[in-house]
Structure formats: C-alpha cells, structure tokens
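In: Could you work out the structure for the sequence below:
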Amino acid sequence: QVQLVESGGGLVQAGGSLSVACAASGRTFNRYFMGWFRQAPGKERELLAAISSYGSTTWYADSVKGRFTISRDNAKNTVALQMNSLKPEDTAVYYCAGGSRGYIEHVGSYEYWGQGTQVTVSS
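Out: Here you go, the predicted model:
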C-alpha cells in the first residue's frame, strides 16, 4: 500500500507555468505506476498523464500533450507534473494516483489516491 500527498498547487495567470508534486510513503514506490488526474466542478475526473514504475513509459491525454510533462524520482519517492502554457480550462483539483496492475492509461487501474491540490488559472 502507498500513501500519497500532493503539493504545489496555486494560482497562476493564463500562459504561465506551475509544477505540482506528489510524495509517496513506503519503500516500494518503484512497484507502482503513477498518474495525474484532475477534476473540475461538475465534470468527471480526467486522467492527464501517467508514468510506468521505472519511468520508461509515459502517456498523455490529448488535452495536455505537449504542455504537461510527468516525471518521477524513485530515490525520493516523488512524482511531478510540470504544466506549461496553462489555460483557464486547466483549473481543477489535481490528484496523483498509483496502481500496480493493469495499464497506465486506464483510469480503473489506479488504486491509491492523494487528497488533491487546487490549481487555478486566471484569464
């Protein structure tokens, strides 16, 4: 089992950049693939980016491809999402999640969730 805590959300102007991070507990972080999700008010939770357990494979949703980058540091038990060229429609609560079975691009593969961090992009 892994416990996840996000940090780094905040307010940024459109066109700006922001990075969110997720710290994981435990010594088995490299057993889990990780993903970043977001949920805006009135909308379903959306998988944005995912990374395999050792970082060799990444996946991005079309909505963020070319603007967001996911990375992980297994030595520090962290996963990050660098967000560039932010738009007002990127405003949401951002969650990190982890899974150990299934495909990294499948929402249903994720078992463990953080509490979320708010990202607000002003126009």
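
In: Model confidence at the spatially most central residue of the chain, what's the number?
Out: Centroid-nearest residue in the chain, with C-alpha atoms, centre = their mean: residue 36, separated by 2.0 Å. Per-residue confidence (pLDDT) for residue 36: 98.

In: Follow the chain on from the helix or strand it falls within and name the next helix or strand.
Out: In this assignment (DSSP states H and E), residue 36 forms part of strand 33-39. Tracing the chain past strand 33-39, the next element assigned as helix or strand by DSSP H and E is strand 46-51.

In: Hmm, the residue nearest to the centre of the chain is touching residue 81, no?
Out: Yes. Counting by C-beta atoms under 8 Å, residue 81 is a contact partner of residue 36 at 4.5 Å. Every residue, glycine included, has its C-beta placed from N, CA and C.

In: what do the two both touch?
Out: Residues touching both residue 36 and residue 81 by C-beta atoms under 8 Å, 6 or more residues apart in numbering: 20, 48, 49, 68, 70, 94, 96.
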